[in-house]
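Visitor: Okay, here's the prediction I keep looking at, along with the sequence it came from:
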Amino acid sequence: MFELLRLASPWLRRQRGPLLIGFSLQVAIVGVELNIPLLWRRAIDGAIGRSLGVGAIVGLGALVVVLGGMRAALDYYVRMKVVGASRDFERDLRGSLFRKMLALPSSFFGASTVGDLVSRMTQDVEAVRMALGPGVMYVGRAALNMTAAATALLLFDPTLALWIAVPLVVLGSAALVLAPRLGRASDAVQTGIGRISARATESFGGIRVLKLFAREDLQARRMEALGLDYYAAQMRLARSRGGMLGLLALGKDAAQFVILLVCGLHIVDGRASFGDFVAYRSWLMQCFWPLVMFGWIISMVQRASAGMRRIDAILATPVAIAPPARAATPAAADGRPIDLEWRDVVLEMGGRRVLDRVSLRVPAGTSLGITGRTGAGKSLLAQLLPRLLDPTAGTVLVAGVDVRAWDLDELRRRVGFVAQEPFLFSDSLRENLRFARPGADDAAIRAALRRADLERDLDALPAALDTRVGERGVTLSGGQRQRATVARTLLADPPVVVLDDCLSAVDAQTEARILEELERALAGRTAVVVSHRIAALRGLDRIAVLDEGRLIELGTHDELVAARGAYAKLDRDQRLLAELEAL
């Protein structure tokens, strides 16, 4: 519980007002509950001994009803305050977790599964909320009830109270010993939920691949294996819970036996009345239900602690791409064009140097092509411009200012980046493009689609711009998805455009049309085009050739062909391949 409170304290402190009010009102509730057995004791002894008339007994019964109504009203208000505060806590924690995920680098998501992250955002946050909302409420109520009822028993019959304490303390201690086992079982259940969510997300996202390779049965067996593991974890948790609740039930029965035995002997000896027996049993139940509640709370807290550790693992992950304390927006960047520069850039990933002292400069308003073999570092070099990555050494400059000094939002507004892997949201085509420029009218959207050679495809779509493209753009072809992401970036109208091999899924003729449109669209902008296709680079001002992270050639298309180096070989091979395909 202490670990849970420590990890959750930044968000829990915001709700301390409602929680304190709820706890204070519980003191009044316990005071009411403590006096109800005294009224029953007075009424029963008065009726048996005929010391009270019917009116007095009815009056005592009515007072019990009034106190019960007060308890119900106070309990309702406590629940509204505490459970309401827990919902506010849930909202704040989930919001903080989501914002942290958005701030983490792409490499974090490459090492995580979507299903597991979704499980942490939903199942784990809900488990923490339950423990710190209803759980805290019941812990306070249980502690107050037990203290008050035990005090009443000690005051009225110390001998009986001490006898009752023996089974309760022994079995309560045994329940605490079982708590770590319960915690391990809860950890296993939470992990199992994450694995199932990850497998389901992966399966539904790749449903076309599963069907194409007829692997539905294989994936179903894998899910079944995860389900069996989850079932086994839930059964271990159920056995742990059952054992704990069984012990507590045994403690209750043992304590009731003690009351029946000791209080019965006292009644026979004349040292206690039947009303005393009823009151003592009521106070015993007020002592016992907290023990049962503690068993439930321990289970809840163990699950919440496991969930909070999983949440904290994300919250504690350092943000590799953090905005600077004093962000800069260079005055030169307010207009167009903007110059770019990589200065002695080194990038190491996974203990391997993937970019080795690369220096390049792109004057304002000019274009640079980047090519090379697969794995040469082309995309990594481009990703340094909008700070999707930071160099291990060296400097990346935009408008003459280190990108690490830029305001991150301003930098990314000025550097339009079209990624190699196209991504579209499950929304209409119109809203997917407006993601880059909210409020853009249809004329601007169609102009962007025209430049990306996608406008002619609108007639083939069921609802033109209102066509829902499905999750990840699944209803569009690969080429249409790529052209849509190009149009989205062009709609944002950035002064710098980076195209990271974003036309690989279109045919050569479509690529030629797009490049012709892009040549006009990129006029007056600074452009960086990453491509393995020489045809996409011929018209650019300069072309850089990378090999194993090093810059090996730099020049215009004609200069590089004349140099008869790596670029010339790529050009020759691709021309030969095109001729063979044309046969």
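Guide: That came through, no problem.

Visitor: Mind checking which residue lies nearest the centre of this protein?
Guide: Met121 (3.4 Å; C-alpha atoms, centre = their mean).

Visitor: Identify the residues contacting that residue.
Guide: Each residue near Met121 by C-beta atoms under 8 Å, 6 or more residues apart in numbering is listed here: 94, 97-98. Glycine gets a C-beta too; all of them are placed from N, C-alpha and C.

Visitor: Mind checking which of those land in helices?
Guide: Mapping the contacts of Met121 onto helices (DSSP state H) picks out 94, 97-98.

Visitor: Filter these down to the buried ones.
Guide: 94, 97 (16 or more other C-beta atoms under 10 Å).

Visitor: Output the ones in helices among the contacts of Met121 in CSV; the columns should cover distance to Val301.
Guide: Formatted as CSV, the ones in helices among the contacts of Met121 follow (distance: C-beta to C-beta, whole Å):
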residue, distance to Val301
Arg94, 20
Leu97, 20
Phe98, 24
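
Visitor: Report pLDDT for the closest residue to Val114 other than its chain neighbours.
Guide: Closest residue to Val114 apart from its sequence neighbours, by C-beta to C-beta, 6 or more residues apart in numbering: Thr201 at 4.7 Å. Looking at Thr201, its pLDDT reads 71.

Visitor: Break down the stretch 101-250 of the chain into its helices, ranges please.
Guide: For the stretch 101-250 of the chain, the helices defined by DSSP state H, counting those that start in this stretch occupy 106-110, 114-119, 125-130, 136-156, 158-205, 207-212, 216-269.

Visitor: Mean pLDDT lowest where, among those helices?
Guide: Among those, helix 207-212 carries the lowest mean pLDDT, at a mean of 67.

Visitor: returning to that earlier point: and the ones in helices among the contacts of Met121, which is closest to Leu155?
Guide: The nearest member of the ones in helices among the contacts of Met121 to Leu155, counting by C-beta to C-beta, is Arg94 at 47.2 Å.

Visitor: List the contacts of the closest one.
Guide: Arg94 neighbours (C-beta under 8 Å, 6+ apart): 121, 125.

Visitor: ok, it to Leu7 distance?
Guide: Distance of Arg94 to Leu7, given as C-beta to C-beta, to the nearest Å: 15 Å.

Visitor: Likewise for Ala405?
Guide: Separation of Ala405 from Leu7 (C-beta to C-beta): 34 Å.

Visitor: With neighbour numbers in mind, choose between these two.
Guide: Taking other C-beta atoms under 10 Å, Ala405 and Leu7 do not tie; Leu7 has more neighbours (19 against 16).

Visitor: where are the low-confidence patches of the stretch 251-400 of the chain?
Guide: The stretch 251-400 of the chain contains residues with pLDDT under 70 at 288-289, 291-296, 325, 328-336.

Visitor: burial count for Ala131?
Guide: The local packing of Ala131 (other C-beta under 10 Å) involves 26 other residues.

Visitor: Of the helices of the stretch 101-250 of the chain, which is nearest Arg87?
Guide: The closest of these to Arg87 is helix 125-130. By C-beta to C-beta, the value is 7.2 Å.

Visitor: May I have the closest one exported as CSV, CA atoms only?
Guide: The C-alpha trace of helix 125-130 is given here as CSV (Å, rounded to 0.1, in the frame of the first residue of the first chain):
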residue,chain,number,x,y,z
VAL,A,125,-5.3,2.7,-14.5
GLU,A,126,-8.7,1.3,-13.5
ALA,A,127,-7.1,-1.1,-11.0
VAL,A,128,-5.2,1.9,-9.4
ARG,A,129,-8.4,3.9,-9.3
MET,A,130,-10.3,1.2,-7.5
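
Visitor: So which other helices or strands are in contact with it?
Guide: Under the contact definition 3 or more C-beta pairs under 8 Å, 6 or more residues apart in numbering; DSSP states H and E, helix 125-130 sits against helix 54-103, helix 274-315.

Visitor: Give me the three-state assignment for the nearest residue to Ala444 once chain neighbours are set aside.
Guide: Nearest in space to Ala444, with sequence neighbours left out and distances taken as C-beta to C-beta, 6+ apart, is Leu491 at 6.3 Å. What DSSP: H, G, I helix; E, B strand; the rest coil gives for Leu491 is helix.
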